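Colleague: Could you look at this predicted model? Sequence included:
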Amino acid sequence: MRRRSRSGFTLIELLVVIAIIAVLLGILLPALSYARNTGKTTACKANLRGIGQGFEMFKGENNDKYPVARYATDPWLSQSDAPSLPEALKDHFPQDSPAWECPGDPVVASTEYQCDGQTCRAGCSYTYVAVNLGGSTFTESFFARRLEWQPAETPLVQDYDGGAFEIKPEFGGGTVVAPFFHERRNVLFADGHVADATGIGSGG
């Protein structure tokens with residue numbers, strides 16, 4: 001009499017398969033998370049390089065001087081009445097370019113506020129940290145004359161992250177807390193190269 005062939009898994013075999021899958025997921029998930037974060041950082045750096053090209057075109061038409069702009073876009077509180085950086089560079093880099101938004105930014109660019117009776121959006125993930133360069137050449141600047149820094153070690157634009165930012169009272173007030181977008185902050189330096197913040201004031 002022929003034996004009936006066994007089909008299906010025993011409970012032990014099923015548990016072994018589940019355990020193997022769990023181990024594989026434990027190995028793969030951190031790698032996938034790292035790859036995703038690396039992709040966001042790379043895209044963010046590409047954005048900053050594009051903005052850097054806008055600076056170079058602006059300087060080429062303005063006797064090598066940097067644009068006058070405040071450090072942040074609306075709705076963020078600023079002591080300056082100068083245009084925002086996207087506005088100041090609009091003839092050389094599109095104001096509505098998606099490059100103004102960092103893929104790793106979960107809060108800043110997407111912040112909405114009321115302006116002129118309608119809902120507006122901040123739309124920018126970056127801050128113009130070297131605002132006192134505006135209206136001057138690099139050699140005329142505080143960075144060159146007082147700090148004796150070179151363009152390759154002078155931060156120009158960086159990720160707008162890792163702090164609490166105030167909204168102007170006319171836009172409703174309040175504070176937005178922005179987490180860091182990446183493990184290390186991305187920076188566009190005054191010579192046009194993009195790197196992390198460790199190059200600031202250290203010779204690049």
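Modeller: Now that the structure is in, tell me what you want to look at. Numbering: from 1, shown residues only.

Colleague: just for the protein, where's the confidence low?
Modeller: Filtered on pLDDT under 70, the chain yields the residue ranges 1-9, 30-35, 199, 201-204.

Colleague: In terms of secondary structure, what does the top helix by length along the chain contact?
Modeller: When every helix of the chain is counted residue by residue (DSSP state H), the longest turns out to be helix 11-61. Using 3 or more C-beta pairs under 8 Å, 6 or more residues apart in numbering; DSSP states H and E as the contact criterion, the neighbours of helix 11-61 among helices and strands are strand 126-128, strand 155-159, strand 186-189, strand 194-196. In this view, the C-beta of every residue, glycine as well, is placed from N, C-alpha and C.

Colleague: relative to strand 155-159, how tilted is that helix?
Modeller: For helix 11-61 against strand 155-159, the angle between stretch directions is 150 degrees (axes from the mean of the first three to the mean of the last three C-alpha atoms, to 10 degrees).

Colleague: so how far is helix 11-61 off the chain centroid?
Modeller: 15 Å (C-alpha atoms, centre = their mean, to the nearest Å).

Colleague: is residue 119 in a bridge, and if so with what?
Modeller: Residue 119 has these beta-bridge partners by DSSP bridges: residue 114.
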